[in-house]
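Enquirer: got a predicted model here, sequence first, then my questions.
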Amino acid sequence: MPCPRITLRVASVVFAMLLASACQLPWARTAPADGQNRARLGLRTATVARGDITSLLVYPGELRPKAGAIVATRVAGRLDRLLVEPGASVREGDTLAELDRSALEVQVVQAQASLAAAEARLAGLKSGGDTDSRAEADASLRAAKARLATLEAAPKIEAIPALAQAAREARRRLSELEGGRTQAVAAAEARLDAARSQLDTALTSTTAAPPPAGESAPGATPSPAALTSPAVEQARQAVQVAQQEVARARQPVGSDELAAARQQLADAEDALLQARWPVSPGDLDEARANVEAAEARLRRAGQPSSEAAIKAGETAVEYAGAAVELARVQLREATLVSPISGIVVQTHQKQGDTVAPGTAIVTLQPPDYEIQVAIDERQLAQVATGQTVGVLVDVYPGESFTGTVRSISPSVEARTRTVAARVDVQDPRAKLKSGLFAQVAIAGGKRSGALIVPREAVVGTSDLAVMAVLDGRARRQAVQIGVQDGRSVEITQGVAEGTEVILTPTGILDGDVVGGEGK
């Protein structure tokens, strides 16, 4: 059976771990015969002896980080703060980044207000009626009554002549105002002249009697009584009224007066149009039905709330409460925390960027590593899940790391006849790096009273053998081996206890003289 490749450094470190170095090897106490001849040939020998040996399985592998974590956003927003850089060490729960919280805080306040409104409505329902429902029903009733009154007061067909005359008058008045009221001024002045003529006539009719014939009258003078007569007083008032009308007509047209005239014309035309398109009996019936329906809703709104209404109110409160909790969760998720302890491998965004939900912000790598090794199926019984192993890395000579067998594959790879196993490697001092070559040393079963020789005494790759010293000559002896621990090998068949074997027999051939007794 081929031997696993084991370096002396691996063996020494693992033996320190297994405390095997504390035991003196049995073959180390045996001195070689004919030591002077052996020394001249530069040979070292050892004697096959019985002793205790613990198997050591060594498998090469490559350090790989365990599954890391990508910290991504769950809400949209602007990246307000990025608190870590690549290479930084973080602990689970540390804050990595923060999004702008202002909009999310407003959403929380809005959700809380909606919850308070829902709770108030439910309280109203449970206390004997929904005040809001009664107010809405009352408003609906008022609107329905107003609609009915409008339809009932709409102009009738028989009012069309009067409405048409009113529209013509309004149109004439607006036209007069827009033209500067020249016609109105002329009419007012004509009325003033007429009033003055009427006053003169009244005064003339009330003068003193004429003189006798043949005598000239010095002039007609009204008597005091005539000046205060009702006819003269009425004529004077008519003159004053006409003067006021002339003054008003001569005043400039104001914007308010024009607006009022335009509105008067619009109202007159609307009334005329409504009269030409009269309200049908069906419209009145529909309006009256709407009034009756609004009255019924108002009566129902005044009644105690039904069980279904209360249940609906409770559901609304639950929904509003869930909305509050969702808003609070989104506010908490504006702060991105580390889900694991580890190292920041990469930052994907920069401070100030606007990000959408699901945007990666930071990639983390855990501090521990793993190694995948291929275990020979014949050695599978010596490996178990949870077993503690030693891990050595070339870049740290003389230093060992602790590992644990995490899992063993349930199937054997058909081509290599090996089983994949994963080993977790602890790195408390954060010295390891991804991609480093490492060796996993697994302590197997212990054999007591086994025939053992030093590892360097066994030669060959497929056909294993030792060079035994027999009658002063080197004799190749085929052997079969059992367990090994990196320094010693168990011999299960081929040589007997007490046989002297050559260590590292490079250049020694079968039959070479290696002692004084050779012929």
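Expert: All right, it came through fine.
Enquirer: avg pLDDT for the host helix or strand of Q477?
Expert: Element membership for Q477, per DSSP states H and E: strand 473-478. Averaging pLDDT along strand 473-478 yields 93.
Enquirer: next secondary structure element downstream of that strand?
Expert: According to DSSP H and E, the helix or strand after strand 473-478 is strand 480-484.
Enquirer: report the strands that pair with whichever helix or strand comes after that following strand, each with its relative direction.
Expert: Downstream of strand 480-484, the next assigned helix or strand under DSSP H and E is strand 488-493. Partners of strand 488-493 in the sheet, by DSSP bridges, are strand 437-454 (antiparallel), strand 480-484 (antiparallel).
Enquirer: what's the closest of the ones you listed to G342?
Expert: strand 437-454 (19.5 Å; CB to CB). Quick note: C-beta positions are derived from backbone N, CA and C, even for glycine.
Enquirer: residues in contact with the helix or strand immediately after the closest one in the chain: which ones?
Expert: Next along the chain after strand 437-454, taking DSSP H and E as the criterion, comes strand 458-459. Around strand 458-459, the neighbours that count as contacts under CB atoms under 8 Å, 6 or more residues apart in numbering are 3, 464-467, 479, 481, 489, 505.
Enquirer: look up phi and psi at V48.
Expert: Phi and psi for V48, reported as degrees, to the nearest 10, are phi -70, psi 120.
Enquirer: E98 versus the nearest residue to it once chain neighbours are set aside, what's the distance?
Expert: Counting by CB to CB, 6 or more residues apart in numbering, the nearest residue to V48 once its immediate chain neighbours are dropped is T499, at 4.6 Å. Remark: distance between T499 and E98 (CB to CB, to the nearest Å) = 76 Å.
Enquirer: next one: Q484
Expert: 58 Å.
Enquirer: ok, the two, which is more surrounded?
Expert: For the pair Q484 and E98, the greater number of neighbours falls to Q484 (23 against 17), based on other CB atoms under 10 Å.
Enquirer: what pairs with that one across the strands?
Expert: Residues in beta-bridge contact with Q484 (DSSP bridges): V489.
Enquirer: show me where the stretch 301-450 of the chain has helices.
Expert: Counting by DSSP state H, counting those that start in this stretch, the stretch 301-450 of the chain has helices at residues 307-332.
Enquirer: roughly how far apart are E377 and T404?
Expert: 22 Å.
Enquirer: contact partners for Q382?
Expert: Contacts of Q382 (CB under 8 Å, 6+ apart): 55, 57, 442, 444-445.
Enquirer: what's the angle between the strand holding Q477 and strand 488-493?
Expert: Put simply, strand 473-478 runs at 80 degrees to strand 488-493, going by axes from the mean of the first three to the mean of the last three CA atoms, to 10 degrees.
Enquirer: name the helices or strands packed onto strand 473-478?
Expert: If you count contacts as 3 or more CB pairs under 8 Å, 6 or more residues apart in numbering; DSSP states H and E, strand 473-478 packs onto strand 465-470.
Enquirer: so for the contacts of strand 458-459, which is the shakiest by pLDDT?
Expert: C3 (42).
Enquirer: show me what the host helix or strand of V246 packs onto, helices and strands only.
Expert: Following DSSP H and E, one finds V246 within helix 230-250. Counting contacts by 3+ CB pairs under 8 Å, 6+ apart, helix 230-250 is packed against helix 182-204.
Enquirer: quick check: mean pLDDT across the helix it packs on?
Expert: On average, helix 182-204 scores 76.
Enquirer: show me what the residue nearest to Q372 when sequence neighbours are not counted is bridged to.
Expert: The shortest distance from Q372 to any non-neighbouring residue, by CB to CB, 6+ apart, is to R422 (5.4 Å). Legend: beta-bridge partners of R422 under DSSP bridges are Q372, S407.
Enquirer: re earlier: which of the contacts of strand 458-459 are buried?
Expert: Listed as buried from those are 464-467, 479, 481, 489, 505; burial here means 16 or more other CB atoms under 10 Å.
Enquirer: those: which two are farthest apart?
Expert: I481 and P505 (16.0 Å).
Enquirer: A323 and L115 touch, don't they?
Expert: Yes. If you go by CB atoms under 8 Å, A323 and L115 touch, sitting 7.3 Å apart.
Enquirer: any stretches of the stretch 101-250 of the chain with poor pLDDT?
Expert: By pLDDT under 70, the weakly predicted segments of the stretch 101-250 of the chain are 128-133, 154-157, 159, 174, 176-184, 206-228, 248-250.
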